[in-house]
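Visitor: here are the coordinates; sequence isn't available:
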């Protein structure tokens, strides 16, 4: 039994399934299953009840989870304390984030980081989740805020917030209700990112699962383009509410929560696992995580 096995075991327990845990960790589901299976074999105990909807902890599993989660928190705290024990803090940091996150958080995040670390040099870059993973692996950025599902063995992911997605239309279109069933997507022309982007893949997956036929009339791979096209009345799009607060307040657009099913995405904070930890990066990550509370809820 070692800490990585316990870490994976706790993540499965928290997520309630091996597939969701694999996404949160950023590795293949088979690897998570193998580590948990090896842990069960070493302890000679069954830790989960497995069913079609996910997993539940056994009584033995519950006791192990309680102790293991406390132990892992202590290990993380000890590591962070040692790394940040000196007076020196990293002098510069490059933070990558998706366009929707940047639109909401770049200003308050910069203000908080400069307040906490007056001598720091900040650089913010934008990219879609797949690009951010590549930049993190290549050492071009120090921290990434991206959507789960685009993991890499070269990163340490941490769950941040879950955002609910909305159907967004021009204010000139017929008034939307507060909540809109996903089946309504069949009835409107859609403006979505291209199929290489995570948001499009999420929507396509939901449409396939619920046998919905989408009418995508325009593809646009930038937030600005999506909003401009929607405001012009050319179609509807799907976005979280947070990055379009100003447009909603000005009544340029209207938004309605998608339900039946509820459509959500999970944001993660990722730091590199394939490079030595930089002194002070943990402190910076704490400020970033605090600011992320503005964006949604776990």
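Guide: Great, that's in hand. Values in this document were obtained by computation on a predicted structure and should not be read as measured data.
Visitor: contacts, neighbours, all on C-alpha from now
Guide: Fine.
Visitor: got the residue ranges for the helices in the protein?
Guide: 3-15, 18-25, 29-43, 59-83, 99-116, 129-138, 198-209, 223-231, 245-249, 281-292 (DSSP state H).
Visitor: could those helices go into TSV alongside mean pLDDT?
Guide: Shown next, in TSV, are these (pLDDT from 0 to 100):
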stretch	mean pLDDT
helix 3-15	86
helix 18-25	79
helix 29-43	89
helix 59-83	78
helix 99-116	88
helix 129-138	88
helix 198-209	91
helix 223-231	95
helix 245-249	93
helix 281-292	77
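Visitor: Point out the most buried one among these.
Guide: Burial of these is given as mean neighbour count (mean count of other Cα atoms under 10 Å); helix 18-25 ranks first at a mean of 22.
Visitor: quick revisit: distance to residue 186 added to the helices of the chain, as TSV?
Guide: Below are those laid out as TSV (distance: least, Cα to Cα, whole Å):
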stretch	distance to residue 186
helix 3-15	31
helix 18-25	28
helix 29-43	33
helix 59-83	44
helix 99-116	25
helix 129-138	27
helix 198-209	9
helix 223-231	17
helix 245-249	24
helix 281-292	33
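Visitor: So for residue 179, which of those helices sits nearest?
Guide: Proximity to residue 179 (Cα to Cα) singles out helix 245-249 among those, at 15.6 Å.
Visitor: From the contact counts, what lies against that closest one?
Guide: strand 253-259 (3 or more Cα pairs under 8 Å, 6 or more residues apart in numbering; DSSP states H and E).
Visitor: For the strand it packs on, give me every contacting residue.
Guide: Strand 253-259 is contacted by residues 164-172, 175-182, 230-231, 241, 247-248 when judged by Cα atoms under 8 Å, 6 or more residues apart in numbering.
Visitor: One more: stretch 119-131?
Guide: Residues contacting stretch 119-131 (Cα under 8 Å, 6+ apart): 90-99, 102, 106, 110, 113-114, 146-147, 150, 197-198.
Visitor: which of the residues in that stretch are buried?
Guide: Neighbour counts over stretch 119-131 (16 or more other Cα atoms under 10 Å) mark 125-131 as buried.
Visitor: Can you flag the buried ones in the contacts of strand 253-259?
Guide: Buried subset of the contacts of strand 253-259 (neighbour count, 16+ other Cα under 10 Å): 164-171, 180, 182, 230-231, 241, 247-248.
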